[in-house]
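Participant: below: sequence and its predicted model.
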Amino acid sequence: MRRRLIPLALPLALAGLVLAGCAVTAQPTGSSTQAAETSVVETVSDVDETIPAAAAELLAANADGTVVNDDEWSLSDAETITLAGSTASSDSAGVTVDGATVTITAAGVYQLSGTLDGQVVVAAPDDAQVILVLDDATIASSSGAAIQVVTADDVAINLAAGSTNTVTAASSAAAEASAAIYADSDLTVSGSGALSVTDTGNDGISATDDLAIIGGTITVDAADDALRGKDSLVVKDGTLTLTAGGDALKSDQTDDATKGYVWIAGGTVEATATDDGIDAQTDAVITGGSVSLATEDDGIHSETALAITGGDVTISRSYEGLESADIRIAGGTTRVTSSDDGVNASGSTSSSGGMGGGGMQDTGETITISGGTLMIDANGDGLDSNGTITMTGGDVTVLGPTAQNNGALDSNGGIDVSGGTLVAIGSTGMAESPDESSAQGWLAATASGSAGSTVEIQDATGTVIATYTATKTFGSVVFTSAAITDGQSYTVTVDGSATSVTAGVAASGGMGTGGGGMGGGRP
């Protein structure tokens, strides 16, 4: 399926309009069961000039996302629902209570407090906007979702200031409502209070449409995915602590190529996951916020494209750190620790074998680095592309593998460098250098050391250009920056032991230049 792309030449303020979703404004419950269709709900952030093109292009290509902002409704309009153990009470005409099941049937604002051993259900008209204000509310369901939206247009869960709220469930993966908080609609979580969500059977918070987190201190412990927005998952603000038996943050719409994306625009995320930290069916985009991920599988995985243009990302544990067919680093600070590849571009539609495949041929994947700071500590390949690696800016440090069948740099289609600073320190067996045609000078040296060794690069006058400290055993050093001139002599010193090299000439015994071809280098 073709992606809907908006040319970058189009003014980005206009491109941002595609990210505005329509919602409805709630009327006081009792006056009508319908919501007045009068307001337009903007998404988390328009694509504007503050977002680099590497991310703006992806965001503009995706479908509208919907969020219900706190200024679109008033707490003064709220109807009260008092939770009382195995029952509840409310004077609202839009609320019915049947034993331990509380059902909201009309658009409006509802304030919930107390404890309920049961379920809160939203079964409102299809065009209704429903706001659930949790104000020291505890809702526990022994079977199925604790909060379930059956029908509505847009639903928001607002966490009242100063409140502490708890939602627990034992949902089933086989059930339609397979999360502690499950919405068959758009869902927004906002406010400044606290929310703890636990689901011992499946997901924590799940929406079949868009899921937006724009505030709150939220803790989720889920047997499977912690946060899941099928059409999209967007985080603008809030403090999130996520523990997942599956993926921590996920969007998995497969029927529409403009959906299935994850966008982190702000907030603080700390996630531990058995599978991926972030898993996007299409695009994964990070433009702000602070993200700390510890995973057993990929730190961040997307099937189409992955862009980091801002924020602070730390992947402290992963199998592969960043994985997608199209990886773009244009800003922010990213730290990756991986047991296999640090940054892996694989899985292009032209590639056979899917993620991790591709053999030695160029199958079209790309890693593009134009800004930001990227630090990689990999036991497998550091920067690995089944296609090409292009660097025009930024600051990259690769502390690569010790095994000879992996390299700090590894491409099938070549490495082109025209700007930025890159150092790759790793094993010698698969050591690869930038292409001969690269506009920026580079050097490669067979120089060995161990954890704690100091690597120093000097020009012919003895001026120190750069200094690094190794974290593991190594035998190869590749370096490029604006300070390097092709054909000039440089010295790479490791703990006082000097190796003289000529810029633009591949080190002997390595993989050379041009996508892994043996030997070679510039004449």
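Facilitator: Good, I have the coordinates. Residues are numbered from 1 along each chain as shown.
Participant: going by C-alpha atoms from here, please, whenever you check contacts or count neighbours.
Facilitator: Noted.
Participant: all helices for this structure, in order.
Facilitator: Taking DSSP state H to define them, one finds helices in the chain at 12-15, 53-61.
Participant: for those helices, which has the smallest mean pLDDT value?
Facilitator: Note on the helices of the chain: lowest mean pLDDT is at helix 12-15, with a mean of 33.
Participant: in the chain, what residue sits furthest out from the centroid?
Facilitator: Most distant from the centre of the chain: residue 461, at 44.8 Å, with distances by C-alpha atoms, centre = their mean.
Participant: any idea how far that residue lies from residue 487?
Facilitator: If you measure residue 461 against residue 487 using C-alpha to C-alpha, to the nearest Å, the figure is 15 Å.
Participant: what do you get for residue 375?
Facilitator: Applying C-alpha to C-alpha to residue 375 and residue 487 gives a distance of 28 Å.
Participant: same question, residue 153
Facilitator: Following C-alpha to C-alpha, the distance that separates residue 153 from residue 487 is 65 Å.
Participant: and the two? Which one has more around it.
Facilitator: A direct count of neighbours by other C-alpha atoms under 10 Å for residue 153 and residue 487 places residue 153 higher, at 22 against 16.
Participant: how close does the more buried one sit to residue 182?
Facilitator: Taking C-alpha to C-alpha as the measure, residue 153 falls 14 Å from residue 182.
Participant: got it, and residue 481?
Facilitator: Distance of residue 481 to residue 182, given as C-alpha to C-alpha: 51 Å.
Participant: neighbour count winner among those two?
Facilitator: Neighbours of residue 481 and residue 182, each counted by other C-alpha under 10 Å, are more numerous for residue 182; the result is 26 against 21.
Participant: residue 173: what's it in contact with?
Facilitator: If you count contacts by C-alpha atoms under 8 Å, 6 or more residues apart in numbering, residue 173 has them with 201, 202.
Participant: quick one: low-confidence ranges for the protein?
Facilitator: Applying pLDDT under 70 to the chain flags the ranges 1-49, 348-359, 509-523.
Participant: which residues of the stretch 251-400 of the chain fall in strands?
Facilitator: Counting by DSSP state E, counting those that start in this stretch, the segments of the stretch 251-400 of the chain that form strands are 261-264, 268-273, 278-280, 283-286, 290-295, 300-302, 305-317, 322-324, 326-338, 343-345, 366-378, 383-385, 388-399.
Participant: can you put the ones you listed in a markdown table and add mean neighbour count?
Facilitator: Putting the strands of the stretch 251-400 of the chain into a markdown table (neighbours: other C-alpha atoms under 10 Å) gives the following:
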| stretch | mean neighbour count |
| --- | --- |
| strand 261-264 | 30 |
| strand 268-273 | 24 |
| strand 278-280 | 28 |
| strand 283-286 | 29 |
| strand 290-295 | 24 |
| strand 300-302 | 27 |
| strand 305-317 | 24 |
| strand 322-324 | 28 |
| strand 326-338 | 24 |
| strand 343-345 | 29 |
| strand 366-378 | 24 |
| strand 383-385 | 29 |
| strand 388-399 | 22 |
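Participant: dump the ones you listed to CSV, plus distance to residue 92.
Facilitator: Below are the strands of the stretch 251-400 of the chain laid out as CSV (distance: least, C-alpha to C-alpha, whole Å):
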stretch, distance to residue 92
strand 261-264, 37
strand 268-273, 37
strand 278-280, 40
strand 283-286, 42
strand 290-295, 41
strand 300-302, 45
strand 305-317, 44
strand 322-324, 50
strand 326-338, 49
strand 343-345, 54
strand 366-378, 53
strand 383-385, 59
strand 388-399, 58
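Participant: select, out of the ones you listed, the one closest to residue 202.
Facilitator: Comparing the strands of the stretch 251-400 of the chain against residue 202 with C-alpha to C-alpha, the closest turns out to be strand 268-273 (13.5 Å).
Participant: paired strands for that closest one, with orientation please.
Facilitator: According to DSSP bridges, the neighbouring strands of strand 268-273, each with its direction, are strand 232-244 (parallel), strand 290-295 (parallel).
Participant: turn the ones you listed into JSON lines, columns for distance to residue 450.
Facilitator: Supplementary listing: the strands paired with strand 268-273 in JSON lines, determined by distance: least, C-alpha to C-alpha, whole Å:
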{"stretch": "strand 232-244", "distance to residue 450": "36"}
{"stretch": "strand 290-295", "distance to residue 450": "26"}
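Participant: what is the neighbour count of the residue nearest to residue 479 when sequence neighbours are not counted?
Facilitator: Of all residues beyond its chain neighbours, the one nearest residue 479 is residue 423 (4.4 Å), with distances taken as C-alpha to C-alpha, 6 or more residues apart in numbering. When counting by other C-alpha under 10 Å, one arrives at 23 neighbours for residue 423.
Participant: quick check: bridge partners of residue 423?
Facilitator: Residues in beta-bridge contact with residue 423 (DSSP bridges): residue 397, residue 479.
Participant: now swap in residue 138 and tell me
Facilitator: Going by DSSP bridges, residue 138 forms beta bridges with residue 115, residue 166.
Participant: which residues sit in contact with it?
Facilitator: Counted by C-alpha under 8 Å, 6+ apart, residue 138 has contacts 113, 114, 115, 116, 165, 166, 167.
Participant: how close does the residue nearest to residue 479 sit to residue 129?
Facilitator: With the distance defined as C-alpha to C-alpha, residue 423 ends up 53 Å from residue 129.
Participant: how about residue 269?
Facilitator: Here the distance between residue 269 and residue 129 works out to 28 Å (C-alpha to C-alpha).
Participant: can you report how many residues neighbour residue 210?
Facilitator: Around residue 210 there are 28 other residues, counting by other C-alpha under 10 Å.
Participant: that one contacts residue 230, correct?
Facilitator: Yes - in terms of C-alpha atoms under 8 Å, residue 210 counts as a neighbour of residue 230; the distance is 6.6 Å.
Participant: I'd like the distance between residue 142 and residue 64.
Facilitator: 36 Å.
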